[in-house]
Structures are given as structure tokens and as C-alpha cells.
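> how would this look folded up:
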Amino acid sequence: MIWTPDAEHPPPDAPDGGTRRGRRPAPIAETASPSHRAWLEPVRNVLFASGLTLNDLVDRSGYSKTRISELLRGNGYYPAWEITFSVIRALGLPAQPMRRLWTAAAREARKEQGWIEHCIEQVAVGEPERPPLAHQAFVEDVCGPYTDYARAFLLTDRRARWVVAETFDVLWLCWSDASVSEDLRRYAWRLLRSRVMARVDRHRDGHPDLRAAVFSTLEVQAGAPGHLVVLTELVDLFDAIAALPYDQRDVAVLRHLCGMPLDAVASVVGLTPAMTHAIDHHARAALEGEAGRGEQGHAPAPLGTHARRIGHGAT
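Numbering: from 1, shown residues only. Sure, this is the predicted structure:
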């Protein structure tokens, strides 16, 4: 599992008497890009869970301890595919999703296409890999709502589809862990959230900036009379939604900005219907309280009036 500041809980400690040995890798360098971290974090987690030491990985990969250590920290130059492949092969990870993740991070590191292609050509291609059937079925089931959620934060179809595809590749990379987790849907949703939050614009106080999504709403796009008043109200509303706690924000975005039925939201985010209804209730109460209109004798417009009003973003 990828553990980020947006995860609800820290990673579990190793059980007493377990087979894990050696030390955790040093922290990932701050200069590592979001795409680089997308594959490096699960690789590090698999390495630690495997019980292999750095020396074991050196022996299995054929590369020096210095180079392996730099790769695991995201230090120095972006690693070539050959050494990256040697590490994931030693760990038993699938090459196909890893190669896509590695390529995306190489482009984010401003590596030229010729360099990327040359690196890939240095590694012999085996039989094409296919994701597990359960993974394929899961992807087909949640791709639509995942993309809607990502689009609400990232604004364009292209960025939303790209982050969702990245999420599914990381999920495939971690499938042996995800498939035996307590709740696959919860595991995958938290993974998606972490990938979206890694790229969203933020306010100075750190919470996501949803204000630009206002311009994708049908009210603003239609330019109806009084739309400037509507624009101001929507900016305040979207800003308040973005400042909600993680689960409340997720439910509010899916339910009220993407227009998803509440029971469907529960299935997508991996929570029980009862818990999802309670979270929605608390989110609505928080937003109405934030509006601060109660003392004037009228409540703010219901949050549900904005459901299904975010159109498709630019491509």
C-alpha cells in the first residue's frame, strides 16, 4: 500500500517474530517527482515486506550497493530501465505496469524519448503480461466514477484519465497485497485519492483548491442571468468542500459535484451504506454551518442542487 499524508492510518508495524529483517530504506529524496514516487513507494514496501536485505537485492540484481541504494532513495539521476527492471524482477513484480509507470516518471524527469526507447530496448521482452482477471473486472467497474472524481480536482479529461490509469497500474503492481487486504475497494480508493492529491493545486494552508472547477459547472457555462452571483456562491461552496476532512470531501465530491447516488458512492469508496450516509450528513451540516446564514432566517441553498452540474473538462 502507498502510505501518504492523505492516508487515514500509518503503515502497520512488522509483527513480532516475523521474517522481516534488515533496515527500512532511507527516506525518498524530496526531489523525486509524483510519478517517480508512484512506482518507487510500492517497490520499497515490497522490498521491506519480502524480508530481503539490501545485500540480498545486490546479489539478485547484479548491481552495486551504491546504485541500488540510490535507486531506492530516488537520489541522483533518474534510473535507467535496465537497473529498475533488475530490481523488480528480483522482487517478483510484474514488468508491464512497472514499465508504464517508469516511462511516465522518465518523461516527468525530462528524459528524451530517444533515451527512454533506448533504455527499454536494453531489456529483453518476455511474454506479454495480463493483469489478474479480478483486477480487470475491478477496473471496468470503477473506472467511470474514479475518472469523474479525478476530473473534479484536475479539471481536464486528459489529466483525469492519466491519473486513473496510473492508479490502476500501481494497483496491479501491488495486487498481491491489495487482493488480500481487508477491503479491496477501500484499499484502491485510498490509492486513487493519494494519486489525485499528489497533483492537485493547493491553497497555502495545504487543502486542495477546487475553485477552478466552478468554471466547469453548467450554471457558469450557460451564463444565465445572475450567473455572477451564482459564481460567487459556487466558489465559496467548492472551497468549503475542499476543506472538509478526507472522507467527507470524497463523499461530497462524488455525491454532490459528480451527481452519484449515495448508495453507489458507498460502493466506490469502500464504505458501508450506513457509514456513507452518516458522512454525507456530517458534510452537509459542516457546509451549511460554514455558510453562516442561519441567523438571517434562511438556510443556504441545499448542497444537492449542485449535483450533476460539473460537465466534462477540456481534453
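
> and the residue nearest the centre of the chain, what does it touch?
Among the residues of the chain, the one closest to the centroid is R195, at 2.1 Å (CA atoms, centre = their mean). R195 makes contact with P34, A38, V163, E166, T167, V170 under the criterion CB atoms under 8 Å, 6 or more residues apart in numbering. Just so you know, the C-beta spots here come from the backbone N, C-alpha and C atoms, and that holds for glycine as well.

> Show the buried residues in those residues.
Buried residues within the contacts of R195, defined by neighbour count using 16 or more other CB atoms under 10 Å: P34, A38, V163, E166, T167, V170.

> Same list, these, but as a markdown table with secondary structure and pLDDT please.
Formatted as a markdown table, those follow (DSSP: H, G, I helix; E, B strand; the rest coil; pLDDT from 0 to 100):
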| residue | secondary structure | pLDDT |
| --- | --- | --- |
| P34 | helix | 94 |
| A38 | helix | 96 |
| V163 | helix | 97 |
| E166 | helix | 97 |
| T167 | helix | 98 |
| V170 | helix | 97 |
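
> which among those gets closest to A49?
V170 (15.6 Å; CB to CB).

> How is P27 assigned, secondary-structure-wise?
coil (DSSP: H, G, I helix; E, B strand; the rest coil).

> What spatial separation is found between the residue nearest to it when sequence neighbours are not counted and M98?
Closest residue to P27 apart from its sequence neighbours, by CB to CB, 6 or more residues apart in numbering: R73 at 7.3 Å. From R73 across to M98, the span is 18 Å (CB to CB, to the nearest Å).

> and what of V251?
In terms of CB to CB, V251 sits 33 Å off from M98.

> More neighbours: which of those two?
V251 (28 against 24; other CB atoms under 10 Å).

> can you tell me the average pLDDT over the strand or helix carrying that one?
Secondary structure from DSSP states H and E places V251 in helix 246-252. In this model, helix 246-252 has an average pLDDT of 95.

> who's in contact with the helix or strand following it?
Of the helices and strands lying after helix 246-252 in sequence (DSSP H and E), the nearest is helix 262-269. Here helix 262-269 makes contact (CB under 8 Å, 6+ apart) with 142, 145-146, 185-186, 189, 247, 250-251, 254-255, 260, 272-273, 275-277, 280.

> same deal with stretch 172-192?
1-2, 6-8, 39, 42-43, 45-46, 49, 93-94, 96-98, 101, 131-132, 134-135, 138, 142, 146, 149-150, 163-164, 167, 170-171, 250, 267-271.

> Looking at these, which are in helices?
In helices, defined here by DSSP state H, the members of the contacts of stretch 172-192 are 39, 42-43, 45-46, 49, 96-98, 101, 134-135, 138, 142, 146, 149-150, 163-164, 167, 170-171, 250, 267-269.

> List buried residues within those.
For these, a neighbour count by 16+ other CB under 10 Å gives the buried set as 39, 42-43, 45-46, 96-98, 101, 135, 138, 142, 146, 149-150, 163-164, 167, 170-171, 250, 267-269.

> What is the neighbour count of E140?
For E140, using other CB under 10 Å, the count is 9.

> taking the mean pLDDT, what do you get for the helix or strand harbouring it?
E140 belongs to helix 133-154 when elements are defined using DSSP H and E. Mean per-residue pLDDT for helix 133-154: 96.

> Against which helices or strands is that helix packed?
Judged by 3 or more CB pairs under 8 Å, 6 or more residues apart in numbering; DSSP states H and E, helix 133-154 is in contact with helix 157-173, helix 184-197, helix 262-269.

> mind redoing it with 7 Å?
helix 157-173, helix 184-197 (3 or more CB pairs under 7 Å, 6 or more residues apart in numbering; DSSP states H and E).

> From the chain's centroid, how far away is it?
Averaging C-alpha positions (CA atoms, centre = their mean, to the nearest Å) puts helix 133-154 11 Å from its chain's average.

> Now do it: everything it contacts.
The contact list for helix 133-154 (CB atoms under 7 Å, 6 or more residues apart in numbering) reads 157, 160-161, 163-164, 167-168, 171-172, 175, 179, 184, 192, 196, 199-200, 208, 210, 213, 253-254, 257-258, 260, 268, 310, 313.

> Distance-wise, check the residue nearest to the centre of the chain relative to A286.
On the measure of CB to CB, R195 and A286 end up 26 Å apart.

> How about W189?
Distance, W189 to A286, using CB to CB: 21 Å.

> again, but for H277
15 Å.

> Give me the below-cutoff pLDDT ranges for the stretch 151-300 of the chain.
215-231, 290-300 (pLDDT under 70).

> Hmm, A286 is touching I241, no?
No. A286 sits out of contact with I241 when judged by CB atoms under 7 Å, with a separation of 9.4 Å.
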